[in-house]
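**Student:** Please work out how this folds:
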Amino acid sequence: MLTVLLTTFALLVCAALFLVIMARRDRAQDASIIARLLARQPAAPPVFNETMLDSLPDAAQRFFRFSIAAGTPLTTVADVQMQGSFDLGSKDAPNPQPMQARQVIAPPLGLLWSVKMGETLSITGSDGLCDGKSWSRFRLLGLFPLARAGGNADHLLSAFGRLVGDALLFTPAAFLPAAEAGWDSLTWAATGTNSAEVTVTLGALTQSVEIKVDTSGRLLSVSFLRWSDENPEKTFRRQPFGGDITAHGSFAGFTLPTKLTAGNHYGTGQYHIFFDVEIGYTNG
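**Tutor:** All right, here's what the predicted structure looks like:
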């Protein structure tokens, strides 16, 4: 009996050590990726002037005039803080949790979103894309694995959609051809009086995202068809995703969103807002 107890105890200790080691490895990888993304900030970027907008649709021109002050260095890396709620449930059975997160984004290289949500039984982890690889990994109490995904074409295409959509919110300069952010291609097209669509490619990945603005160029919404399996069939396909911006603030020459709601099936009867946050910026 004593031998069985000692063996069981030893196995539990080994399992606990393994979980600790794996959690530390994930955190170390996240820290390394954040450092790489921050290092992509251009040392001497060009500065914004309105001649850069001559070839763009009117709504896109207004968006850039509102978002970037004349003479602002066109930085393309942002360090973003988020506080609000994340809904772990569904439209019919919501389960919102308090959330704090940090996102570092450096298009087109990638992004890393690190999050803590919940209270007593907190969930921590990260969601990201870098160097053509994407992942989602989350743990209960910082230790016990809850979900790990990535390493396949479906996850990568979905993550690329997020990269492009989020970059329009947080690093608008990356969508000015003059900024030379590094997309393989970047084109703008008018979709309405107060809307325009940008399409970018990077290798085999392509994503189009539509912005809607008011008459002054204030960004009202960002939406796109995202590669996702968030549907009853759990089948990957292009489906609406997007969000609304309800407040802005000024940061180092940029006017950027400070309040955002977003979710799957944007613009349809199935729209589920799972993301409701206030936003701050370490750098503009």
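
**Student:** CA only for contacts and neighbour counts going forward, please
**Tutor:** Fine.

**Student:** any weak-confidence spans in this structure?
**Tutor:** Within the chain, the stretches with pLDDT under 70 are 1-16, 18, 283-284.

**Student:** So the residue sitting nearest the centre point of it, which state does it fall into?
**Tutor:** Geometric centre of the chain, nearest residue: Asp166, 4.6 Å, by CA atoms, centre = their mean. Secondary structure, DSSP: H, G, I helix; E, B strand; the rest coil: Asp166 is helix.

**Student:** Against Gly110, how distant is it?
**Tutor:** 11 Å (CA to CA, to the nearest Å).

**Student:** how close does Ser228 sit to Asp244?
**Tutor:** Applying CA to CA to Ser228 and Asp244 gives a distance of 20 Å.

**Student:** what's the answer for Gly118, then?
**Tutor:** Distance, Gly118 to Asp244, by CA to CA: 24 Å.

**Student:** Tell me which stretches of the stretch 51-200 of the chain form helices.
**Tutor:** All helices of the stretch 51-200 of the chain, identified by DSSP state H, counting those that start in this stretch, fall at 58-67, 153-170.

**Student:** for the longest one, which positions count as buried?
**Tutor:** Buried residues in helix 153-170, defined by neighbour count with 16 or more other CA atoms under 10 Å: 154-170.

**Student:** Show me what that helix is packed against.
**Tutor:** strand 96-106, strand 123-130, strand 133-140, strand 205-213, strand 219-228, strand 254-264 (3 or more CA pairs under 8 Å, 6 or more residues apart in numbering; DSSP states H and E).

**Student:** Of all those, which one comes closest to Ala23?
**Tutor:** With CA to CA, the closest approach to Ala23 among those belongs to strand 133-140: 8.2 Å.

**Student:** Look up the closest residue to Gly89, ignoring the ones flanking it.
**Tutor:** In space, and not counting its chain neighbours, Gly89 is closest to Asn95: 4.5 Å by CA to CA, 6 or more residues apart in numbering.

**Student:** since we're on the one you found, how many residues are nearby?
**Tutor:** Counted with other CA atoms under 10 Å, residues neighbouring Asn95 total 13.

**Student:** Tyr271 versus that one, what's the distance?
**Tutor:** Applying CA to CA, the value for Asn95 to Tyr271 is 15 Å.

**Student:** Next: Met52.
**Tutor:** Met52 is 36 Å from Tyr271, where distance means CA to CA.

**Student:** picking up where we left off before, could the helices of the stretch 51-200 of the chain go into CSV alongside distance to Arg238?
**Tutor:** Compiled in CSV, these are given as follows (distance: least, CA to CA, whole Å):
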stretch, distance to Arg238
helix 58-67, 24
helix 153-170, 9
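
**Student:** Of all these, which one is nearest Pro42?
**Tutor:** Closest approach to Pro42 among the helices of the stretch 51-200 of the chain is made by helix 153-170 (15.8 Å; CA to CA).

**Student:** can you give me how far the host helix or strand of Phe241 is from the chain middle?
**Tutor:** Following DSSP states H and E, one finds Phe241 within strand 237-251. With CA atoms, centre = their mean, to the nearest Å as the basis, strand 237-251 stands 10 Å off its chain's centre.

**Student:** Kindly report the same for stretch 202-210.
**Tutor:** Chain-centre distance of stretch 202-210: 15 Å, with CA atoms, centre = their mean.

**Student:** Equivalent analysis for stretch 222-239, please.
**Tutor:** Mean-position distance between stretch 222-239 and its chain equals 16 Å (CA atoms, centre = their mean).

**Student:** again, but for stretch 121-130
**Tutor:** 12 Å.
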